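the following block contains a protein sequence and its predicted model.
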Amino acid sequence: MKPDSPITAVSLDVGGTLIEPRPSVGHVYAEVAARHGVRAADPAALNRRFREAWRNKGDFDFSQAAWFVLVRQAFAERAGELPEEFFPAVYQRFTEPDVWHVFADVIPTLDALATQGVKLAIVSNWDERLRPLLANLRLHSFFEAIVVSCEVKFAKPSPVIFELLERRLGLPLGRVLHVGDSPAEDVAGARGAGLHARLIRRGAPAIAGEQLASLLEIPALLGL
Ligand SMILES: [Mg+2]
């Protein structure tokens, strides 16, 4: 990091960076479907089709209507069996903390940074469920600023969502490090707006200047 622009705030992505669905999206879909009379939906097949639908989602606006289409794509030929109550139930299910895993490096890193007076923020492409979910996971109180695409109407990699972060933190973006798991949304997006950025890839080797193998590397990166 450049000594002439000390990093005093860290901004984090949420999905794939702080948390991931547990055991998987497909397992949660199958569990809720079974409660609504659609038996033996295969989690592995649901995951495969969900990933494919997610990859091809294009200009996804994180609205309930957009999620409705995606969920039905995951069920493919069985979507016709899903009763009307299924979608609201599965949508709600993802605000509950037990279907999410908080990665093991998250709380120790947030604690260490907060103790050192580093300001913490979230910049996430998510919908209206993010704030209740963060509260349910007891993560929300770490963050001074939470910028959610559905609220601000701009999604990463747009520089606008990061400029809103600047206003909420009251800090120039050159003093903020953003960390996330998407090379396009998190790294290119943040750098395009003038932030420092690193990709998190747990289990992969750390690459100096580019990639972290654990969030626990962040304090040292800030010279703490
Ligand atoms: Mg992510």
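Perfect, I can see it now. This structure is a prediction, so every number in the text was calculated from the model and none was measured.

and stretch 20-30, what's buried?
For stretch 20-30, burial by neighbour count (16 or more other C-beta atoms under 10 Å) applies to 20-21, 24-30. Where C-beta positions appear, they are placed from N, C-alpha and C, glycine not excepted.

any weak-confidence spans in this protein?
Flagging of the chain using pLDDT under 70 yields the residue ranges 1-5.

please enumerate the strands of it.
In the chain, the segments counted as strands under DSSP state E are 9-12, 19-21, 100-102, 119-124, 145-148, 176-180, 196-200, 211-212.

between those, which one is closest to the ion.
For the ion, the closest of these is strand 176-180, at 5.3 Å, according to C-beta to the ion.

next one: Leu195 relative to Gly189, how far apart?
Separation of Leu195 from Gly189 (C-beta to C-beta, to the nearest Å): 9 Å.

list residues touching both of those two?
Contact criterion C-beta atoms under 8 Å, 6 or more residues apart in numbering; residues bridging Leu195 and Gly189 by contacting each: Phe162.

which ones are touching the closest residue to Ala204 other than its chain neighbours?
Ranked by C-beta to C-beta, 6 or more residues apart in numbering and with sequence neighbours excluded, the top spatial neighbour of Ala204 is Ala213, at 6.0 Å. Residues in contact with Ala213 (C-beta under 8 Å, 6+ apart) are 201-206.

near the ion, which residues of this protein show up?
13, 15-16, 181 (C-beta under 5 Å from the ion).
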